[in-house]
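Undergrad: could you work out the structure for the sequence below:
(one chain, ligands or ions: 1)
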Amino acid sequence: MTRRTVRIAMNGVTGRMGHRQHLVRSILAIREQGGLDLGDGRVVWPEPVLVGRREHALRELARRHGLTEWSTDLDAVLADGTVDVYFDAQATSARADAIRKAIAAGKHVYTEKPTATDTAAALDLARLARAAGVRHGVVQDKLFLPGLRKLKRLVDGGFFGEILSVRGEFGYWVFEGDWQEAQRPSWNYRAEDGGGIVVDMFPHWEYVLHELFGRVCGVTAHVTTHVPRRWDEDGKPYAATADDAAYGIFQLESGAVAQINSSWAVRVHRDELVEFQVDGTHGSAVAGLRGCRVQHRSATPKPVWNPDAPVTEAFRDQWQEVPDNAGFDNGFKAQWELFLRHVVLDEPFPWDLLAGARGVQLAELGLKSSAEGRRYDVPELTL
Ligand SMILES: NC(=O)c1ccc[n+]([C@@H]2O[C@H](COP(=O)([O-])OP(=O)(O)OC[C@H]3O[C@@H](n4cnc5c(N)ncnc54)[C@H](O)[C@@H]3O)[C@@H](O)[C@H]2O)c1
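TA: I've put the predicted structure just below:
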């Protein structure tokens with residue numbers, strides 16, 4: 001086996017996503033398995049260079065994971081010709097500027113979503129990357145979740161017949177931070193810092209709907225801030241200037257309609273934190289992060305509306321669990337491996353900065369729809 005080292009500047013790795021999902025569960029996990037086997041006698045060995053603003057936090061993180069390279073000087077890391085890839089998991093508001101610099105320095109770019117906070121900036125990144133000839137990719141982790149992969153399998157296998165509608169329910173209660181610590185960072189609730197559930201979640205809904213059911217061509221949304229006052233990491237109260245709930249209707253090019261509720265002010269009465277119900281002429285499915293249940297038309301009960309009689313059927317019991325039939329690795333790691341293959345072998349990687357811009361566009365149009373009380377067409381983006 002020959003080893004091909006890929007040096008990755010990882011920015012924002014002290015954060016929730018950067019640390020847990022990207023550093024530990026992806027890059028370090030790939031190293032623990034001996035690298036990424038390319039199947040041709042070569043192994044890709046990812047070598048992280050941790051980048052951030054706080055020296056002590058980086059030093060401690062590097063020590064904890066037995067890593068030796070870290071820096072608070074992004075410009076110097078980008079000027080280092082031995083660094084191949086720039087990865088960004090910073091707070092959203094800091095992302096576009098850093099990616100622009102990385103592209104200018106000729107680095108391949110892999111980034112968390114949203115790629116920017118407005119469509120023009122997101123498209124600009126895609127154009128710059130294409131002009132520079134660097135490889136680029138955007139995290140679209142939900143596609144790699146076991147539940148959604150099973151759902152995709154059902155779509156590809158023709159299980160649904162004609163797909164009529166998709167209903168998504170996402171959310172959980174995020175504590176205000178006064179009497180119990182909030183479980184999400186406070187910038188998520190400040191619009192001026194790139195926060196808001198629309199900017200955060202509509203990019204996910206765009207690629208999930210697009211990949212499974214077809215392009216989103218229209219959006220109507222009602223967006224609100226249910227909890228206007230929260231307490232930050234230091235226990236200080238602040239005004240929540242960003243939205244914490246969005247009720248969206250998405251028209252799909254296929255003619256199907258998707259309706260997705262996203263909320264950080266809802267208590268969970270579901271099996272999973274996100275669930276999608278898909279109804280088709282031949283069958284229906286309910287998919288979560290891991291599980292997926294189906295009901296075929298041949299096994300569909302015939303309920304009759306009668307409020308005078310108690311419910312006679314256990315509706316939930318009438319669904320059948322879809323088996324795994326495959327091993328599912330961590331979704332972030334699975335996508336990292338595909339991106340590394342894209343970098344080293346030039347294999348196709350469809351989830352690029354243009355795909356990322358589509359997510360930003362849907363968020364932007366969703367916010368406009370709500371502010372103006374009207375439906376928006378979603379034009380197809382091109383470079
Ligand atoms: N793919 C997903 O499922 C998913 C889930 C959650 C968050 N995210 C995205 O990941 C990114 C990080 O989110 P998080 O929840 O890990 O946030 P976080 O606050 O936990 O981490 C943010 C990181 O960026 C750094 N940072 C914060 N503010 C900064 C600034 N102004 N300038 C430079 N660096 C700054 C922090 O030091 C930290 O390392 C966001 O863009 C978010 O949209 C993606």
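Undergrad: all helices of the stretch 151-300 of the chain, in order?
TA: Here the stretch 151-300 of the chain has its helices, by DSSP state H, counting those that start in this stretch, at 197-213.
Undergrad: which residues of it lie near the ligand?
TA: Applying C-beta under 6 Å from any ligand atom, we find that the stretch 151-300 of the chain lies next to the ligand at 185, 200. For every residue, glycine as well, the C-beta is placed using N, CA and C.
Undergrad: show me where the stretch 151-300 of the chain has strands.
TA: Using DSSP state E, counting those that start in this stretch, the strands of the stretch 151-300 of the chain run over 163-171, 216-224, 229-231, 237-239, 245-252, 257-263, 274-280, 283-287, 292-296.
Undergrad: and for this structure, the residue most distant from the center?
TA: Most distant from the centre of the chain: Asp308, at 44.7 Å, with distances by C-alpha atoms, centre = their mean.
Undergrad: how close does Asp178 sit to Gly235?
TA: Separation of Asp178 from Gly235 (C-beta to C-beta, to the nearest Å): 8 Å.
Undergrad: so which of those two has more stuff around it?
TA: Shown here are Asp178 and Gly235; by other C-beta atoms under 10 Å, Asp178 has more neighbours (12 against 9).
Undergrad: contact partners for that one?
TA: By C-beta atoms under 8 Å, 6 or more residues apart in numbering, Asp178 lies in contact with 231, 235, 237.
Undergrad: residues near the first one, how many?
TA: Read it as Trp231. The number of residues packed near Trp231 is 18, by other C-beta under 10 Å.
Undergrad: Thr14: which element?
TA: Using DSSP states H and E, Thr14 maps to neither a helix nor a strand.
Undergrad: surely it and His56 touch.
TA: No - using C-beta atoms under 8 Å, Thr14 makes no contact with His56, being 10.0 Å away.
Undergrad: okay, the two: which has more neighbours?
TA: More crowded of Thr14 and His56, by other C-beta under 10 Å: Thr14, with 19 against 7.
Undergrad: once you drop chain neighbours, what's closest to that one?
TA: Of all residues beyond its chain neighbours, the one nearest Thr14 is Ala57 (4.6 Å), with distances taken as C-beta to C-beta, 6 or more residues apart in numbering.
Undergrad: would you mark the buried spots in the helix or strand encompassing that neighbour?
TA: Assessed by DSSP H and E, Ala57 sits inside helix 55-64. Residues 57-58, 61-62 are the ones in helix 55-64 that count as buried (16 or more other C-beta atoms under 10 Å).
Undergrad: just send the residues you listed back as CSV, with pLDDT and distance to the ligand too.
TA: Shown next, in CSV, are the buried residues of helix 55-64 (pLDDT from 0 to 100; distance: C-beta to the nearest ligand atom, whole Å):
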residue, pLDDT, distance to the ligand
Ala57, 96, 7
Leu58, 97, 9
Leu61, 97, 10
Ala62, 97, 14
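Undergrad: relative to Ser369, how far out is Ala9?
TA: Distance from Ala9 to Ser369, counting by C-beta to C-beta: 37 Å.
Undergrad: then Leu58?
TA: Distance of Leu58 to Ser369, computed by C-beta to C-beta: 41 Å.
Undergrad: do Ile30 as well
TA: Taking C-beta to C-beta, one finds Ile30 at 41 Å from Ser369.
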